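J.: whatever this is, show me its structure:
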Amino acid sequence: MSAPQDEMVWIDGGVFRMGCDTFYPEEAPVHTVAVDGFWIDATPVTVAQFARFVEETGYVTVAERPLDPADYPGADPELLKPGSVVFQGAPHRVSLADWRRWWAYVPGASWRAPEGPGSDTAGREDHPVTHVAHEDAAAYAAWAGKALPTEAEWEFAARGGLDGAVYAWGDDPMPGGRLMANTWQGEFPWQNLGANGWKGTSPVGSFPPNGYGLWDVTGNVWEWTGDYYTPRHPDEARSPCCVPRNPRVTAPDHSYAVGEPGAHIPRRVIKGGSHLCAPNYCLRYRPAARQGEAVDTSTSHIGFRCVRRPE
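T.: Predicted structure coming up:
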């Protein structure tokens, strides 16, 4: 069975337990949420789909635009050029305390040139598009007559009807020894054995769909949502008397990474993990997993999919 690109899947509304109390603190607390029905893309948006959008609109992504030095005080002037963040791995076992050992800002990197100047997407047209900032994903969604999912919509759909399960396919990380998602195989960030032969992104639909017929909801690429990030789910969400319906986080107030570089830039929620997630570093290829990503950031492991809600 191949993944039906350009198709959407209807998700009946329902009630589910959102979040997780047993992995990372930002996923807690588990709380009950209700969502209305919606349509969601069967796969992440592909390079070919994004290329059509750019061809028809002339859109220029954030990674391809000039940078304003005022937005990046103290930055190396040589890096204040259009570009994006590229995973480069490490030549040997290194401390996991400093992500700069395997990530680098590469001038000239973009969705067209995923590894930087001299690279291209030839042969990767059916891979998820990457190096898209939140603004780029939202622009594509608007052009397509869709929207980015809320965090609750995304997680409800990714669970595939398995409420409370650890993974999108159940609780066994590799049922019957079968690899269920494109995630890091080996010791991160230096030993990449490949996920069924793929050492980066893989064509959408290369791994089994979830119970709702959605491909790559975990692994392959992280996916942007429309919600601003909060350090954890609100504690009041545990209250049994009030089940939030279609919750959204529309204000950036709690999304800033105070005390860190770029603290003035708001963050949005990304979901699902990627081909770089590994048990020894980032066990986030699970529906409950969540991270905050600066809205101006694009990388080689973040993409997106869209939703359409009934009028």
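J.: CA atoms for contacts and neighbours, from now on please.
T.: Noted.
J.: biggest strand in this protein by residues?
T.: If each strand of the chain is counted by residues according to DSSP state E, the longest one is strand 222-228.
J.: which residues touch that one?
T.: 44, 134, 137, 148-151, 154, 248-252, 255, 266-274, 292, 301-305 (CA atoms under 8 Å, 6 or more residues apart in numbering).
J.: next, the buried residues of it.
T.: 222, 223, 224, 225, 226, 227, 228 (16 or more other CA atoms under 10 Å).
J.: ok, and the closest non-adjacent residue to the last one?
T.: By that I understand residue 228. Excluding the flanking residues, the one nearest residue 228 by CA to CA, 6 or more residues apart in numbering is residue 268, at 4.1 Å.
J.: that neighbour against residue 229, yeah?
T.: Yes. Assessed by CA atoms under 8 Å, residue 268 is found in contact with residue 229 at 4.8 Å.
J.: neighbour count: these two, which is higher?
T.: Ranked by neighbour count (other CA atoms under 10 Å), residue 268 and residue 229 place residue 229 first, with 29 against 25.
J.: which helix or which strand is home to residue 34?
T.: strand 31-35 (DSSP states H and E).
J.: helices and strands around that strand, which ones?
T.: Counting contacts by 3 or more CA pairs under 8 Å, 6 or more residues apart in numbering; DSSP states H and E, strand 31-35 is packed against strand 14-18, helix 151-159.
J.: tell me which of those is the most buried.
T.: Among the helices and strands packed on strand 31-35, ranked by average contacts under mean count of other CA atoms under 10 Å, first place goes to helix 151-159 (a mean of 26).
J.: one step back: the next helix or strand after the strand holding residue 34 - contacts with which helices or strands?
T.: Following strand 31-35 in sequence order, the next helix or strand is strand 38-41 (DSSP H and E). Applying 3+ CA pairs under 8 Å, 6+ apart, one finds that strand 38-41 makes contact with strand 8-11, strand 307-308.
J.: of those strands, which stretch is the most buried?
T.: Among the helices and strands packed on strand 38-41, highest average neighbours (mean count of other CA under 10 Å) belong to strand 307-308, with a mean of 21.
J.: so for it, mean pLDDT?
T.: Per-residue pLDDT over strand 307-308 has a mean of 98.
J.: low-confidence regions, this protein specifically.
T.: Scanning the chain with the threshold set as pLDDT under 70 gives 1-2, 235-240.
J.: let's see that with 90 instead.
T.: 1-6, 67-80, 234-242, 259-263, 311 (pLDDT under 90).
J.: against residue 197, how distant is residue 135?
T.: Note on residue 135: its distance to residue 197, by CA to CA, to the nearest Å, is 32 Å.
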